[in-house]
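> Please find the sequence and the predicted model below.
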Amino acid sequence: MSAATHDLPPLVLALLRRADDALVLGHRLSEWCGRAPMPEEDLALANLALDQIGLARALFAEIGARTGQTEDELAYFRTDRAFRNCLLVEQENGDFAHTIVRQVLYSAYADSFWRAAAASAEPALAAVAGKAEKESAYHLRHAAEWLVRLGDGTEESHARAQAALDALWPYSGEMFETDAPEASLVAAGVLPDPAPLRAAWTGTVERIMTRATLARPADGWMQTGGRQGLHGEVLGTMLAEMQSLARAHPGAAW
Amino acid sequence: MVSEDPGDRLARARTAVAAVEDPELPALTIADLGILRDVTLRDGRVEVTITPTYTGCTAMAVIGWEIEAALDRAGLGPALVRTVLAPAWSTDALGPDARAKLAAAGIAPPPAPGAVQGAAPDAAPACPRCASARTELLSAFGATGCKSLHRCRDCREPFEAFKAH
């Protein structure tokens, strides 16, 4: 199961990239379960995690219909090099500010991506997008409200939110990359054109940063590689934990 | 059983499936909630199509088992339960009966059809206990994906509301 990028048909690759975004972000969010700053937020983060994992399952089912793989094989029996998520979503939770900034940066992308993908020429993608767009709008609103509260809060919450924004900003460029397989899907009307998505994302994130009294980091060097399977060490350690039960008891059901 | 008229068999299957309750909202059936999309017969086998409210709804597996069990009890099993995503479920699928049942169960129904989907739950739903309009949002996320948590400023009781979706 090497799943090198060039081995996969373009549509399967595109589905896998969004599925892995959802699975990895969903697992990261689930790591807050029982540890969030307050019970309401514990529920909220668990709800966000469930939505993401549900989205990953819907996409894995579509991938499986084309490759014969099961959801469990895709989630639990691939190593980090076979994952195609963007680097942003695998970043560790850090403090609450890091989690919220990651959520704002990703949800602002996901919201416009899924809304546009609801008009995809590929019915399977359009069907998933019709569900995901409503949920991502809710996720973005929740994360944005928190970022405004943190940025426009105390001296410490402001400093932490700014530090998180500065640390995660270099991971924001990868979401808008297009390589040859995806360019062919954009041309065929299957995937949304990333250029207007980026413009919408920039506008959304800048409005939130302004309300949060946070400074927009400069667009310098952008991290890249996740979409090709080149990840940070943090994904490996996350997968080791996430996959340990399924690997220790292959085929187990509960 | 094989000799049963297909029309009768389908009618019995529809009745049995439509009565299955939502495990998280026992006051409502899956037909009330619009989760049940279709019941058909193919070569004598009952096929049921359902759709999730939220993609991560953990009740979907249980709902599938309960549909199979209901059909087994009616002597109509084994059945095939399929899940579809399109067209996406919306709270607009909740009819007047379903909204009344939710309110009777202490859950504020979602805004009327046509409201902005995925909208902020700050529209201050009326309290399902005392009908006061003076309510406040406690949490945008509740015990299940489809609900938010509120409190009435008059009777002071917390309550859940179905999110516009």
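All right, it came through fine.
> I'd guessed A:Asp80 sits against A:Val234; true?
No - checked against Cβ atoms under 8 Å, the pair A:Asp80 and A:Val234 is beyond contact range at 9.6 Å. Every C-beta, even on glycine, is put in place using the N, C-alpha and C of the backbone.
> Which one's more surrounded, those two?
Using other Cβ atoms under 10 Å in any protein chain shown as the criterion, A:Asp80 and A:Val234 rank with A:Asp80 on top: 20 against 15.
> what about the more buried one, distance to chain B?
The gap separating A:Asp80 from chain B is 24 Å, by Cβ to the nearest Cβ, to the nearest Å.
> what's the following helix or strand after the host helix or strand of A:Gly130?
Under the assignment given by DSSP states H and E, the secondary-structure element containing A:Gly130 is helix A:123-151. On the C-terminal side of helix A:123-151, the nearest following helix or strand under DSSP H and E is helix A:155-168.
> So for that following helix, mean pLDDT?
Taken as a whole, helix A:155-168 carries a mean pLDDT of 98.
> cool, and stretch B:60-75?
For stretch B:60-75, the mean per-residue pLDDT is 95.
> quick revisit: chain center to the helix holding A:Gly130, what's the gap?
The gap between where helix A:123-151 is centred and where its chain is centred comes out at 11 Å by Cα atoms, centre = their mean, to the nearest Å.
> center of chain B, which residue is that?
Among the residues of chain B, the smallest C-alpha distance to the mean C-alpha position (Cα atoms, centre = their mean) belongs to B:Leu33, namely 2.8 Å.
> So that residue sits against B:Thr51, correct?
No - the pair B:Leu33 / B:Thr51 is not scored as a contact, 9.9 Å apart, by Cβ under 8 Å.
> for the residue nearest to A:Ala19 when sequence neighbours are not counted, what are its contacts?
Leaving aside its sequence neighbours, A:Ala19 sits nearest to A:Leu59 (Cβ to Cβ, 6 or more residues apart in numbering or on different chains; 3.5 Å). Going by Cβ atoms under 8 Å, 6 or more residues apart in numbering or on different chains, A:Leu59 touches A:15-16, A:18-19, A:22, A:128.
> Just the buried ones from these?
Among the contacts of A:Leu59, the ones that count as buried by 16 or more other Cβ atoms under 10 Å in any protein chain shown are A:15-16, A:18-19, A:22, A:128.
> Show me which of these is closest to chain B.
Sorting these by how near they are to chain B, with Cβ to the nearest Cβ, puts A:Val128 at the top with 6.0 Å.
> Name the residues of chain B found near chain A, please.
B:52, B:54-58, B:84-89, B:117-118, B:120, B:138-143, B:145, B:149, B:163, B:165 (Cβ under 8 Å from any Cβ of the partner chain).
> residues contacting residue 107?
Assuming you mean chain A. With contact taken as Cβ under 8 Å, 6+ apart, A:Ser107 is in contact with A:136, A:139-140, A:143.
> that's the wrong chain, I meant chain B
Applying Cβ under 8 Å, 6+ apart to B:Ile107 gives the contacts B:25, B:128, B:147, B:159-162.
> repeat that for 10 Å
Residues near B:Ile107 by Cβ atoms under 10 Å, 6 or more residues apart in numbering or on different chains: B:25, B:27-28, B:99, B:101, B:125, B:128, B:142, B:146-147, B:159-162.
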